[in-house]
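*Asks:* Here's a sequence, model it:
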Amino acid sequence: MRHALLTTAAAALLLAACQPQAPDGSVAQPPADAPAPAAPAPAPAAALPAAFQGDLDAHGTEPFWGVKIREGQIEFSTPESNIAFPNKGASVVDGKVVWENAEGPRPIKITLREQAGCSDGMSDLTYPLAAEVALGGTTYKGCAVKTAEKPREGQ
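*Replies:* All right, here's what the predicted structure looks like:
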């Protein structure tokens with residue numbers, strides 16, 4: 001017990017010694033109108049371009065596949081399977097936006113880039129983004145769009 005008290009007292013003395021001292025030995029206080037010390041600036045996060053923010057859907061044909069990118073999860077589906085991955089966020093690489101995740105049965109890498117008039121090859125609809133999905137050893141190509149802005153036939 002005595003050792004603990006001595007250790008605590010020594011720690012308090014060391015902390016006091018680190019404080020700026022006034023000429024009379026008291027701890028110096030900054031003037032009341034002094035600006036508060038600046039907090040360290042947070043590391044800048046790479047902001048995604050507006051076209052890649054929010055919920056996104058991508059799809060392609062031959063074979064048919066789809067991807068849903070949501071805030072917490074990414075889903076890849078084909079007529080035969082559906083695989084979900086945690087969404088760990090995206091990065092901007094050479095003007096493209098990339099989501100990568102090695103969790104789950106196979107690694108996935110989704111790359112979207114702006115491409116006006118991307119065609120899905122099956123309809124007359126066009127999309128503002130081109131999509132490429134590498135899943136395991138297979139690469140799928142198609143188009144993507146913000147979920148809320150999906151084009152519809154006859155519009």
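*Asks:* Tell me the helix or strand right after the strand or helix carrying Tyr127.
*Replies:* Tyr127 belongs to strand 126-135 when elements are defined using DSSP states H and E. Using DSSP H and E, the helix or strand that follows strand 126-135 towards the C-terminus is strand 138-146.
*Asks:* who does that next one pair up with?
*Replies:* Based on DSSP bridges, the pairing partners of strand 138-146 within the sheet are strand 56-60 (antiparallel), strand 126-135 (antiparallel).
*Asks:* Buried residues of the strand holding Tyr127, list them for me.
*Replies:* Buried positions in strand 126-135, judged by neighbour count with 16 or more other CB atoms under 10 Å: Tyr127, Pro128, Leu129, Ala130, Ala131, Glu132, Val133, Leu135. The C-beta positions use only the backbone N, C-alpha and C, and glycine is treated the same way.
*Asks:* re the thing from before, now for the strands paired with strand 138-146, which one comes closest to Glu100?
*Replies:* In this view, these are compared for proximity to Glu100 by CB to CB, and strand 126-135 is the closest at 9.1 Å.
*Asks:* Quick one: residues in contact with the closest one.
*Replies:* Around strand 126-135, the neighbours that count as contacts under CB atoms under 8 Å, 6 or more residues apart in numbering are 51-52, 56, 58-60, 65, 67, 76, 83, 106-120, 139-145, 149, 151.
*Asks:* just to revisit the earlier point, what's the mean pLDDT across the strand holding Tyr127?
*Replies:* Strand 126-135 shows an average pLDDT of 96 in the prediction.
*Asks:* Kindly report the same for stretch 71-85.
*Replies:* Model confidence over stretch 71-85 averages 93 on the pLDDT scale.
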